[in-house]
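> how does the following fold in three dimensions:
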Amino acid sequence: MGAQDNMIMPIISKMYCSSSQTVLVIRRRPHVINGGGFVVTDCSQKVSFKVDGCGILGKKDEMILRDSDGDALLLIRRKGAMVEALSIYRKWKGYSLDYEGSQDQMVFCLKQPNSCLATTQAIRISTKATKNKDWDFEIKGYFPDKDCSIVDSKGNTMAQIGVKKELMASKDLYHVVVTPGMDQAFIIGVITILDYIYGESTRC
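Residues are numbered from 1 along each chain as shown. Next up is the predicted model:
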């Protein structure tokens with residue numbers, strides 16, 4: 001295994017890991033589609049990912065992450081409200097989809113504090129590879145301000161979400177800088193949940 005392979009952190013797929021830093025631009029779909037989701041492009045404005053919000057799917061607390069061709073990569077849904085009523089966390093899970101579009105296996109779980117009893121108020125994410133610890137990544141900063149980052153359990157920044165100064169007037173456009181080797185599809189999956197939690201473009 002070469003040095004470059006050691007840098008790769010596939011969570012959804014190795015094909016979404018780049019050996020260089022990547023800047024992705026996130027643009028909300030038009031407001032005429034309630035809960036319509038958003039489109040992710042690279043610097044050359046080529047579509048990298050698409051997210052269908054609950055307005056398109058017709059199901060509350062559910063979103064789908066698609067690749068540039070429109071094929072479904074990830075089904076994202078929240079655990080039942082009755083279960084959550086007894087929990088100090090709200091849990092969101094991302095599931096890989098098989099070639100027929102059926103739910104396959106859980107890829108990651110995001111825990112959103114649901115109670116003052118939660119030991120930390122940070123939003124944390126565990127992956128199917130999580131071992132000997134409770135979480136792999138956490139959110140630092142405040143997503144609605146588009147000033148936050150996704151960091152690993154060692155404190156390394158894996159992705160930085162921000163807005164260019166000239167675009168400050170528009171909340172419909174922001175960017176994310178993804179660290180070399182990090183799975184870009186996973187990062188967009190996490191952003192999809194943050195978008196929904198804070199009532200933005202994926203929420204009905």
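> tell me, how many neighbours does Tyr198 end up with?
Each residue near Tyr198 was counted by other Cβ atoms under 10 Å, and the total is 12. (Glycine included, C-beta is placed from N, CA and C.)
> that one against Phe143, yeah?
Yes - Tyr198 lies in contact with Phe143 (Cβ atoms under 8 Å); the separation is 5.6 Å.
> ok, Ser153 - contacts?
Ser153 makes contact with Lys133, Trp135, Asp136, Phe137, Glu138, according to Cβ atoms under 8 Å, 6 or more residues apart in numbering.
> now a ChimeraX select for only the buried ones of these.
In ChimeraX syntax, the buried subset of the contacts of Ser153 is picked out as below (16 or more other Cβ atoms under 10 Å):
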select :135,136,137,138
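> in CSV, list the contacts of Ser153 along with pLDDT and secondary structure.
Shown next, in CSV, are the contacts of Ser153 (pLDDT from 0 to 100; DSSP: H, G, I helix; E, B strand; the rest coil):
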residue, pLDDT, secondary structure
Lys133, 72, coil
Trp135, 92, coil
Asp136, 94, coil
Phe137, 96, strand
Glu138, 96, strand
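> turn the contacts of Ser153 into a markdown table, columns for distance to Leu74.
Converted to a markdown table, the contacts of Ser153 look like this (distance: Cβ to Cβ, whole Å):
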| residue | distance to Leu74 |
| --- | --- |
| Lys133 | 23 |
| Trp135 | 19 |
| Asp136 | 16 |
| Phe137 | 16 |
| Glu138 | 20 |
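> and of the contacts of Ser153, the nearest to Gly35?
Phe137 (25.6 Å; Cβ to Cβ).
> so where's the longest helix in this structure?
helix 184-197 (DSSP state H).
> just the C-alphas of that one, formatted as PDB.
Provided in PDB are the C-alpha atoms of helix 184-197 (Å, rounded to 0.1, in the frame of the first residue of the first chain):
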ATOM      1  CA  GLN A 184     -16.600  13.900  -0.700                       C
ATOM      2  CA  ALA A 185     -19.900  12.000  -0.900                       C
ATOM      3  CA  PHE A 186     -19.800  11.400   2.900                       C
ATOM      4  CA  ILE A 187     -19.100  15.100   3.500                       C
ATOM      5  CA  ILE A 188     -22.100  16.100   1.300                       C
ATOM      6  CA  GLY A 189     -24.200  13.400   3.100                       C
ATOM      7  CA  VAL A 190     -23.400  15.100   6.500                       C
ATOM      8  CA  ILE A 191     -24.100  18.600   5.000                       C
ATOM      9  CA  THR A 192     -27.500  17.200   3.800                       C
ATOM     10  CA  ILE A 193     -28.500  16.300   7.400                       C
ATOM     11  CA  LEU A 194     -27.200  19.700   8.800                       C
ATOM     12  CA  ASP A 195     -29.300  21.500   6.100                       C
ATOM     13  CA  TYR A 196     -32.400  19.600   7.200                       C
ATOM     14  CA  ILE A 197     -31.800  20.000  11.000                       C
END
